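> below: sequence and its predicted model.
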Amino acid sequence: MSAGIRYRHELPLLSELTCVLNPIMGHTSLTWTRQLQPRVCAAARYDFNAFSLSSELAVGVEWQLDQSSIAKVRWSDSQGLRCLVDTRFSNMVFSMGLDLRPNAIGADSAAEASSGIKRLVRSFGLQLQWFL
């Protein structure tokens, strides 16, 4: 069982604040979203669990490149940096994503520095969707 509340302010640009509580699981989530420009949005989320005392902070930016393309960047203190680009071509959607490791920047030795991109990139993905 969860309970949530949302406050939305639309003038001059959209801004939204959301709070969701789940007392049975001890979970609380606070989210803030703000439209910075007509094609750029930013968001922040803070999750907290009262039983395990664990928390997570995530921030992200979404930028609409044109009518059919969008770029997203997200950073989380537990999952690191993630980037995603979606593009639509007629009846296809092409997505490309990159997941970077947290705390991977700053090598301790020359051997670690030589591994370079392997050490920094956790995963890379391509997706092609075709629909009728």
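That came in fine, so what should we check first? All values reported here derive from a predicted model rather than from experimental measurement.

> all strands of this structure, in order?
Per DSSP state E, the chain carries strands over the ranges 3-9, 15-22, 27-37, 40-49, 54-66, 69-76, 80-89, 92-100, 121-130.

> count of residues packed around the closest residue in space to S95 that isn't next to it in sequence?
Spatial nearest neighbour of S95, excluding adjacent residues (C-beta to C-beta, 6 or more residues apart in numbering): Q127 at 4.2 Å. (Each C-beta comes from the backbone N, C-alpha and C, glycine too.) Q127: 11 surrounding residues under other C-beta atoms under 10 Å.

> give me the distance between Q127 and R74.
Per C-beta to C-beta, to the nearest Å, Q127 is found 17 Å from R74.

> ok, now F94?
As judged by C-beta to C-beta, F94 and R74 stand 19 Å apart.

> more neighbours, those two?
R74 (18 against 15).

> show me the contacts for the closest residue to the more buried one other than its chain neighbours.
Once flanking residues are discounted, R74 sits nearest to G60: 3.8 Å by C-beta to C-beta, 6+ apart. Counting by C-beta atoms under 8 Å, 6 or more residues apart in numbering, G60 makes contact with 42-44, 72-75.
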